[in-house]
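Asks: coordinates only, sequence not included:
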Ligand SMILES: NC(=O)c1ccc[n+]([C@@H]2O[C@H](COP(=O)([O-])OP(=O)(O)OC[C@H]3O[C@@H](n4cnc5c(N)ncnc54)[C@H](OP(=O)(O)O)[C@@H]3O)[C@@H](O)[C@H]2O)c1
């Protein structure tokens, strides 16, 4: 696969988990990477790991639910690394428990929509004008298979937010193709991040595994390789897709 030499990449939510794996892989493939999150200790650790492997990275703390924070982050990246070629809008998460809709709190609803759908919208809103001006760019959003189909284990606000990210990405792809910009979305099944390894009991991991066609659970690196493909020249004619990284657990 072609490399990402001379590219500048922002991976939001790369202080840990899937985002950290994407940032590390992009750096190993030659990109200068902005590592982003809120936890400065975790950010420093990811930056140090990238630099130890010979890559180039800066770290930036910003809240992706606040447009002013994102704008400041964009300006800092432009100053320190140059214009952003690749945006992976990955920051997000599940901020409510699954359960009956009427028992879902308003706070949980807003946190899920703000932390996923609105954060993705605000991040793209900030980075896109520069890409359009330069007539080049690559945007990857992160949804979830929860956004495809109802499942008792998926909180409704999270599923709704992720479904919103998928249609946002397709609408975006339709708008920005004429500017030389591609936009695609990755929808992972449950991924064995460090957090999930601790959160999901082994018995539940085994039950989950049984629903997969490929008999193992996904890793952050599985998602990172899909992101690398979409960011690469090999995917030059691919835009507006939602790519399931799901080990065959979901086929819709
Ligand atoms: N893991 C899975 O099984 C799975 C499955 C499907 C989809 N996904 C999606 O994949 C993405 C990454 O998931 P993950 O499991 O790797 O998550 P994670 O380990 O919980 O990490 C989330 C990352 O997003 C950052 N973040 C979250 N909200 C933020 C905010 N408001 N402002 C700034 N940074 C924020 C966190 O920063 P700090 O920790 O530094 O604050 C962290 O870097 C998410 O969008 C998630 O919904 C995950």
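Replies: Received, thanks. A quick note: this is a predicted structure, and the numbers were derived from the prediction, not measured.

Asks: May I ask you to name the longest helix in the protein?
Replies: With DSSP state H setting the assignment, residue counts place helix 156-176 as the longest helix in the chain.

Asks: do the helix or strand just after it and the ligand meet?
Replies: Moving toward the C-terminus from helix 156-176, the first helix or strand encountered (DSSP states H and E) is strand 181-188. Yes: residues of strand 181-188 contacting the ligand under CB under 6 Å from any ligand atom: residue 188. C-betas here are computed from N, CA, C, even on glycine.

Asks: Spell out which parts of the stretch 1-150 of the chain neighbour the ligand.
Replies: Contacts of the stretch 1-150 of the chain with the ligand, taken as CB under 6 Å from any ligand atom, map to 13-19, 37-39, 42, 63-65, 90-93, 115, 119, 142, 144.

Asks: Any figure for the gap between the closest residue to residue 99 other than its chain neighbours and the ligand?
Replies: On the basis of CB to CB, 6 or more residues apart in numbering, the spatially nearest residue to residue 99 that is not a chain neighbour turns out to be residue 155, at 7.3 Å. Relative to the ligand, residue 155 is positioned 11 Å away (CB to the nearest ligand atom, to the nearest Å).

Asks: Show me where the chain has its helices.
Replies: In the chain, helices defined by DSSP H lie at 17-28, 40-52, 67-80, 106-112, 119-134, 156-176, 194-199, 202-209, 220-231, listed in chain order.

Asks: Please identify the most buried of these.
Replies: With neighbours defined by mean count of other CB atoms under 10 Å, none of these is more surrounded on average than helix 17-28, at a mean of 26.

Asks: In terms of secondary structure, what does it contact?
Replies: For helix 17-28, the helices and strands in contact under the criterion 3 or more CB pairs under 8 Å, 6 or more residues apart in numbering; DSSP states H and E are strand 8-11, strand 32-37, helix 40-52, strand 56-61, strand 86-89, helix 220-231.

Asks: Pipe those into TSV and attach mean pLDDT per row.
Replies: Supplementary listing: those in TSV, determined by pLDDT from 0 to 100:
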stretch	mean pLDDT
strand 8-11	98
strand 32-37	98
helix 40-52	98
strand 56-61	98
strand 86-89	99
helix 220-231	98
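
Asks: Could you measure from the spatially most central residue of the chain over to residue 114?
Replies: The C-alpha lying nearest the average C-alpha coordinate of the chain belongs to residue 90 (CA atoms, centre = their mean; 2.1 Å). Computed as CB to CB, to the nearest Å, the residue 90 to residue 114 distance reads 16 Å.

Asks: so where's the chain shaky on pLDDT?
Replies: Low-confidence regions of the chain, defined here as pLDDT under 70, cover residues 1-2.

Asks: residue with max distance from the center of it?
Replies: Using CA atoms, centre = their mean, the residue of the chain lying farthest from its centre is residue 102. It sits 29.3 Å away.
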